[in-house]
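Colleague: A structural model of the following input is requested.
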Amino acid sequence: MANSFFRRVFSLALVFSVLFSSGYLLANDQVDDLNRNENLDSDRVEIASEALLAQAGGGNSASSNLAKKYFKEGKAFFDKGDFENALESFRKSLYEDPTDPVLNHLMGRSAYELGNYEEALFAFERVLVLNPNLVLSRLEKARTHMALGSRVEARQEFNRVLESDIPSDVRKNVEALLAQLGSGREHTFGGILLLSNSWNSNVTLGTGELPSPFIPSFISNPTLRSDRIFSSALVLTHQYPLAHEGLTWKNNATGYISDNSTVNENDLNLGIFSTGLEKVYQRHTFGGFANWTGILLQGDSYQSNYTGALTYKYAYSPRVSWRFGWNYTRRHHFAVSGTTQTLGFVHVYTGGMSFRQDEKNTWDISWTHKFDKSPREGNEGNAYNRYDIVTKYTRVLNPRVNFNLSFTRRHDEYTSSLLTTPVDPGTNVRPQRSDLMLSGTGGFTIKLTPKVFFDISGTYTDNNSNIDVSTYMIRQLAMTLTAIY
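Modeller: Okay, here's the model as predicted:
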């Protein structure tokens, strides 16, 4: 049961990690209406065409014949206000010629009108990589940041627009948008609610007695029991920009409950409180955070964790970003089942890369090394190293549906033999446990509204161990509703 429990806690951590890093960005429905200024919007298409063609070098749009064909097709749809078909044609043209600033600008405009703010942002960033002096694209990038709720970034882009030589009426509109953003030092609150219902074919890891680094008396049910699990999580966020430019104070609180239909000994409650600072400097983002995590198992105090973490992210290009992290946790196990309380520590090192292949395909790979020396009473001398490699792929099927695929390889190496490990008859010693887990997940994300998402996924997990009773297989089906506010 212990391994099942900690596998599920680790899975929860991955859910939160994916949630905050895979694009569920806050998009305020009222921002677009609030920010629209008729004087600015009414002439936007004509200004875009004339200004961009002039600045980009005389209108050499879409250099290849096939790119020209798709560009003209998309421009015709754009002029008629058919932004969905326009965006599809522009994507095809981009595949043939990604270096055309006019194409990328109109592509960003189309995506913005459809509410695809992230795609719009990438399009405007491509324009500015090609030519940083295209003011109109910078203005649209700023408006897109506003729609995404990225007030600091929007303010920076608007100020850069004001540094340029722009018409007086456009300057007034930009100043009005900056006034709406305020001083930039307001408190911002948000939140995320998750509701999930899943079926697990093997919640007990039904393989008989299960050697565990936590407590030898925890065993799984040899009958291999399946169960339905309902879980919910509420995440509350707060951030406040400090006086130093690019420095933000961030806080969040998370509550999580998991309720099994029949295997009630796996029911748990989890709470996380986190605070820290994040500094953005050009392409670099630095973070330092502290958090506390408390876990209740079957209503009793089970574990308390105090963690310090350092993070770093580098935006190498509009398509590629790198990230690294380190954290140290001091773990306290409460006395349960006749054991005494114990203390331990955990070191975690992480790294990863995200690659946006194009507007429809995104890849992410991450690696983790974890050294855990926080066993329960009876295994004080034991510790283990965990090595994870996770690869994820997302395909945008249409503006409302994404296809998601992930693959995980996990290798656990224990540093000493466990008392519950059978003696090897050949050597007459107890071998150190070594596990190799392979897991694959596939599913779909459906955008019901700009702030509500529905996920359905299936997972297959196969754990092979040099200890026979630790080899198991799991199939899981999960449905999750996510609401952002």
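Colleague: Domain parsing of the protein, as residue ranges.
Modeller: Domains of the chain are assigned by automatic domain parsing as 29-181, 187-484.
Colleague: Can you lay out those domains as TSV showing mean neighbour count?
Modeller: C-beta: built from backbone N, CA, C; applies to glycine. TSV is the format used below for the domains of the chain (neighbours: other Cβ atoms under 10 Å):
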stretch	mean neighbour count
domain 29-181	18
domain 187-484	16
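Colleague: Lowest average pLDDT across the ones you listed?
Modeller: Mean pLDDT values for the domains of the chain show the minimum at domain 29-181, a mean of 76.
Colleague: Now that residue 127 has come up, it's in contact with residue 100, right?
Modeller: No. Counting by Cβ atoms under 8 Å, residue 127 sits too far from residue 100 to count as a contact (9.3 Å).
Colleague: Okay, helices next: where are they in this structure?
Modeller: Using DSSP state H, the helices of the chain run over 2-21, 29-35, 38-41, 44-56, 65-79, 83-96, 101-113, 117-130, 135-148, 151-162, 168-181.
Colleague: Work out the gap between the last one and the centre of the chain.
Modeller: Yep, that's helix 168-181 we're talking about. Put simply, helix 168-181 sits 33 Å off its chain's centre (Cα atoms, centre = their mean, to the nearest Å).
Colleague: Output the contacting helices and strands for it.
Modeller: Using 3 or more Cβ pairs under 8 Å, 6 or more residues apart in numbering; DSSP states H and E as the contact definition, the elements that helix 168-181 packs against are helix 29-35, helix 38-41, helix 135-148, helix 151-162.
Colleague: Pipe the ones you listed into a markdown table and attach distance to residue 74 per row.
Modeller: Formatted as a markdown table, the helices and strands packed on helix 168-181 follow (distance: least, Cβ to Cβ, whole Å):
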| stretch | distance to residue 74 |
| --- | --- |
| helix 29-35 | 22 |
| helix 38-41 | 20 |
| helix 135-148 | 17 |
| helix 151-162 | 25 |
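Colleague: Ok, which of those helices comes nearest residue 452?
Modeller: Of all the helices and strands packed on helix 168-181, it is helix 29-35 that lies closest to residue 452, at 11.6 Å by Cβ to Cβ.
Colleague: contacting residues for residue 461?
Modeller: Going by Cβ atoms under 8 Å, 6 or more residues apart in numbering, residue 461 touches 437, 438, 439, 473, 474, 475, 476.
Colleague: Now do it against residue 189, distance only.
Modeller: Distance, residue 461 to residue 189, using Cβ to Cβ, to the nearest Å: 37 Å.
Colleague: quick revisit: could you tell me which of the contacts of residue 461 belong to strands?
Modeller: Using DSSP state E, the members of these that fall within strands are 437, 438, 439, 473, 474, 475, 476.
Colleague: so where do the strands sit in the stretch 251-400 of the chain?
Modeller: Per DSSP state E, counting those that start in this stretch, the stretch 251-400 of the chain carries strands over the ranges 268-281, 284-297, 300-315, 320-333, 342-356, 361-373, 384-398.
Colleague: now those in TSV, with distance to residue 454?
Modeller: Formatted as TSV, the strands of the stretch 251-400 of the chain follow (distance: least, Cβ to Cβ, whole Å):
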stretch	distance to residue 454
strand 268-281	23
strand 284-297	28
strand 300-315	29
strand 320-333	27
strand 342-356	24
strand 361-373	19
strand 384-398	14
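Colleague: quick one, which of those strands is nearest to residue 232?
Modeller: Proximity to residue 232, assessed across the strands of the stretch 251-400 of the chain by Cβ to Cβ, is greatest for strand 268-281 (10.7 Å).
Colleague: So which elements touch the closest one?
Modeller: The contact analysis (3+ Cβ pairs under 8 Å, 6+ apart) places strand 268-281 against helix 2-21, strand 247-260, strand 284-297.
Colleague: OK, contacts around the closest residue to residue 465 other than its chain neighbours?
Modeller: With sequence-adjacent residues excluded and distances taken as Cβ to Cβ, 6 or more residues apart in numbering, residue 465 is closest to residue 435, at 4.5 Å. Going by Cβ under 8 Å, 6+ apart, residue 435 touches 410, 411, 412, 463, 464, 465, 466, 470.
Colleague: Distance from the chain centre to stretch 465-475, please.
Modeller: Stretch 465-475 sits 30 Å away from the centroid of its parent chain (Cα atoms, centre = their mean).
Colleague: How about stretch 388-402?
Modeller: 11 Å.
Colleague: What are the contacting residues of that stretch?
Modeller: 14, 18, 22, 84, 114-116, 359-370, 403-410, 444-447.
Colleague: just the CA coordinates of it, formatted as PDB?
Modeller: In PDB, the C-alpha atoms belonging to stretch 388-402 read as follows (Å, rounded to 0.1, in the frame of the first residue of the first chain):
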ATOM      1  CA  ASP A 388      13.100   9.600 -14.300                       C
ATOM      2  CA  ILE A 389      12.900  10.600 -18.000                       C
ATOM      3  CA  VAL A 390       9.600  11.900 -19.200                       C
ATOM      4  CA  THR A 391       8.800  12.700 -22.800                       C
ATOM      5  CA  LYS A 392       5.500  14.500 -23.700                       C
ATOM      6  CA  TYR A 393       3.900  15.400 -27.000                       C
ATOM      7  CA  THR A 394       0.900  17.600 -27.700                       C
ATOM      8  CA  ARG A 395      -0.900  17.900 -31.100                       C
ATOM      9  CA  VAL A 396      -3.400  20.600 -31.700                       C
ATOM     10  CA  LEU A 397      -6.200  18.900 -33.700                       C
ATOM     11  CA  ASN A 398      -8.400  22.000 -33.900                       C
ATOM     12  CA  PRO A 399      -8.900  25.100 -31.800                       C
ATOM     13  CA  ARG A 400     -10.800  23.100 -29.100                       C
ATOM     14  CA  VAL A 401      -9.100  19.700 -29.000                       C
ATOM     15  CA  ASN A 402      -5.600  18.600 -28.200                       C
END
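Colleague: Cool, thanks, talk later.
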